[in-house]
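A.B. asks: A structural model of the following input is requested.
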Amino acid sequence: TYNPNHHCCPVLKNKRLSTSRICDNYKSTIKANPAWKARAMKETIQEDMGVEISLTMAKRAKAKVIRKVMDARSGEYSKLFDYALELKRSNPGSSVHIALDPEEEDHVFQRMYICLDACRRGFLDGCRRVIGLDGCFLKGPMKGELLSAIWRDANNQIYPIAWAVVEYENVNSWKWFLGHLQKDLKIPHGAEGWVFLTDKQKGLLKAIDLFFPMAEHRMCARHIYANWRKKHRLQEYQKRFWKIAKSCNEIQFNHYTNKLAAKTPKGWADLQKTEPVHWCWAWFKIGSNRESVDNNVSESFNSWIIDARFKPIIAMLEEIRIMVTRRIQENMSNSDRWAMTTCPNILRKVNKIRHATQYCHVLWNGANGFEVRDKKWRFTVDLGQKTCSCRYWQVSGIPCRHACAALFTISDEPNNYVNTCFSIDQYKITYQ
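C.D. replies: Numbers count the residues shown, from 1 in each chain. The predicted structure is shown next:
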């Protein structure tokens with residue numbers, strides 16, 4: 001007789017569940033989300049089908065779906081020249097270049113560079129002369145890397161300038177990329193007055209020295225710390241490293257380096273192998289209006305386009321173009337709703353600095369000069385010259401907490417002293 005009540009333990013494993021069945025059930029989901037993690041996929045399958053699979057099986061099913069998609073578009077390399085012509089036709093003034101492998105007898109693709117005219121004009125008209133350079137791996141079956149030149153607009157949001165697909169990061173690929181970038185942005189010989197942010201990729205360092213020997217070359221402090229931390233892992237050292245990196249002037253730099261050297265002489269010796277002029281505020285030149293000690297802007301771009309990096313080459317480049325074009329249109333529309341004169345992200349930054357003025361004690365000379373005591377440090381502020389001896393104001397273009405404290409003494413507003421490169425007008429010029 002039939003007994004509907006069972007007391008046996010359920011078994012979630014089922015040997016009859018095949019990879020093909022998983023592919024059929026989740027094909028559309030994997031296509032829409034190529035970055036779907038195998039562990040999340042495994043949990044979803046268990047909840048939907050009541051079957052527990054291994055991580056290996058989930059990875060195999062995902063790879064099978066992606067491989068089928070790639071096979072359906074395997075002929076895209078033969079259409080790259082047509083795609084380049086269409087980009088130039090639909091985006092007049094854009095720069096698109098394709099290079100073939102000189103070591104191959106047949107026509108074999110090697111590199112492709114794209115700089116849309118709207119991105120180029122927006123950067124030259126409305127952005128600071130600072131560029132972040134980085135490369136990232138392509139995620140799908142298609143091998144290669146994507147190089148990018150990125151910076152920030154007046155609202156400190158990422159602003160893509162140019163990107164390129166290359167075989168891998170090395171001196172030659174970076175020289176090829178920077179050569180085209182220099183022509184498009186009309187960077188003068190030597191690039192005096194420009195700033196480039198990079199990681200410590202050796203090929204990129206050599207290319208920067210070759211093309212832009214007079215430019216200020218900053219390196220990502222996070223990458224420097226990650227390499228330094230391999231030998232010096234104490235949490236206490238991390239705090240001391242970042243105090244050195246964010247030292248605003250030479251006096252603070254010497255103070256914090258002496259403290260680190262007293263704790264770990266070997267650690268300070270290892271840290272000196274990369275000159276502080278590349279990664280410490282105290283040595284940054286004045287005029288760039290950017291105090292960043294990291295290259296997060298490039299990392300943000302790489303993360304932003306991660307889904308596109310799983311796709312075949314034309315599908316990937318087209319998705320990046322669409323994302324960039326849509327971003328330009330959305331940012332243009334957003335600025336119409338802003339009633340202030342300074343961009344909102346900068347105002348939030350100023351407001352955060354204002355709250356730190358409670359630790360500042362001001363002595364006024366009756367004119368534009370102020371002496372500000374900030375805990376154990378003393379600084380001089382000149383509102384007429386828009387300078388502070390801590391150097392943060394000159395390097396960043398935003399009043400430091402000492403300047404804000406001085407302004408509050410005479411009942412003035414710090415927002416009026418923010419550099420014009422962060423204004424709404426400058427933002428609109430970028431996206432017009």
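
A.B. asks: beyond the worst-scoring helix or strand of the chain on mean pLDDT, next helix or strand please.
C.D. replies: Ranked by mean pLDDT, DSSP states H and E, the weakest helix or strand in the chain is helix 55-72, scoring a mean of 84. Per DSSP states H and E, the first helix or strand lying C-terminal to helix 55-72 is helix 80-90.

A.B. asks: tell me the buried residues in that following helix?
C.D. replies: Of the residues in helix 80-90, 80, 83-84, 87 count as buried by neighbour count, 16 or more other CB atoms under 10 Å. All C-beta atoms are positioned from the backbone trio N, CA, C, and that covers glycine.

A.B. asks: just how off-centre is the helix or strand that it is followed by within its chain?
C.D. replies: Counting by DSSP H and E, the next helix or strand C-terminal to helix 80-90 is strand 95-100. On the basis of CA atoms, centre = their mean, to the nearest Å, strand 95-100 sits 24 Å off its chain's mean C-alpha point.

A.B. asks: verify the stated contact: residue 300 with residue 156.
C.D. replies: No: applying CB atoms under 8 Å, one finds residue 300 not in contact with residue 156, separated by 11.1 Å.

A.B. asks: what's the least confident helix or strand of the chain in contact with?
C.D. replies: For helix 55-72, contacts defined as CB atoms under 8 Å, 6 or more residues apart in numbering pick out 19-20, 22-23, 26-27, 30-31, 34, 36, 38-39, 41-42, 45, 140-142, 310-312.

A.B. asks: so which of these sit within helices?
C.D. replies: 19-20, 22-23, 26-27, 30-31, 38-39, 41-42, 45 (DSSP state H).

A.B. asks: buried ones from those, can you make that a PyMOL selection?
C.D. replies: Here is the PyMOL command that selects the buried residues among these (16+ other CB under 10 Å):
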select buried, resi 19+22+23+26+30+38+41+42+45
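
A.B. asks: now, among the ones in helices among the contacts of helix 55-72, which is nearest to residue 401?
C.D. replies: Distance to residue 401, by CB to CB, is smallest for residue 39 among those, at 44.4 Å.

A.B. asks: which residue, neighbours along the chain excluded, lies closest to the closest one?
C.D. replies: The shortest distance from residue 39 to any non-neighbouring residue, by CB to CB, 6 or more residues apart in numbering, is to residue 55 (6.5 Å).

A.B. asks: element containing residue 134, please.
C.D. replies: Here residue 134 is assigned to strand 130-137, by DSSP H and E.

A.B. asks: buried residues in that strand?
C.D. replies: Those would be 130-136, for strand 130-137 by 16+ other CB under 10 Å.

A.B. asks: and for stretch 182-197?
C.D. replies: Buried, per 16+ other CB under 10 Å, within stretch 182-197: 184-185, 187, 191, 194-197.

A.B. asks: for the helix or strand following the strand holding residue 134, name the packing helices and strands.
C.D. replies: Per DSSP H and E, the first helix or strand lying C-terminal to strand 130-137 is strand 145-152. When contacts are defined as 3 or more CB pairs under 8 Å, 6 or more residues apart in numbering; DSSP states H and E, strand 145-152 sits against strand 130-137, strand 158-166, helix 171-185, helix 296-304.

A.B. asks: relative to strand 145-152, how tilted is the shortest one?
C.D. replies: Following axes from the mean of the first three to the mean of the last three CA atoms, to 10 degrees, one obtains 150 degrees for the angle between strand 130-137 and strand 145-152.

A.B. asks: what pairs with strand 130-137, parallel or antiparallel?
C.D. replies: Looking at strand 130-137 with DSSP bridges, its partner strands are strand 145-152 (antiparallel), strand 195-198 (parallel).

A.B. asks: export these to JSON lines and tack on mean pLDDT?
C.D. replies: Output for the strands paired with strand 130-137, formatted as JSON lines (pLDDT from 0 to 100):
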{"stretch": "strand 145-152", "mean pLDDT": "96"}
{"stretch": "strand 195-198", "mean pLDDT": "95"}
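
A.B. asks: for residue 215, find the nearest of those strands.
C.D. replies: Closest among these, once you apply CB to CB, is strand 195-198, at 5.6 Å.

A.B. asks: excluding chain neighbours, what is closest to residue 332?
C.D. replies: residue 431 (4.1 Å).

A.B. asks: same deal with residue 405?
C.D. replies: residue 360 (3.7 Å).

A.B. asks: ok, now how distant is that neighbour from residue 378?
C.D. replies: Note on residue 360: its distance to residue 378, by CB to CB, to the nearest Å, is 10 Å.

A.B. asks: what sits in contact with each of the two?
C.D. replies: By CB under 8 Å, 6+ apart, the residues touching both residue 360 and residue 378 are residue 372.

A.B. asks: the two: who's more crowded?
C.D. replies: Neighbours per residue (other CB atoms under 10 Å) separate residue 360 from residue 378, with residue 360 holding more: 23 against 14.

A.B. asks: and the more buried one, what's its pLDDT?
C.D. replies: Reading off the confidence values, residue 360 has pLDDT 95.

A.B. asks: go on, the one 4 residues further on?
C.D. replies: Per-residue confidence for residue 364 comes out at a pLDDT of 93.

A.B. asks: ok, it touching residue 372?
C.D. replies: No: counting by CB under 8 Å, residue 364 sits too far from residue 372 to count as a contact (9.8 Å).

A.B. asks: which of those two has more neighbours?
C.D. replies: residue 372 (27 against 14).

A.B. asks: bridged to that one, which residues?
C.D. replies: Assigned bridge partners for residue 372, using DSSP bridges, are residue 362, residue 379.
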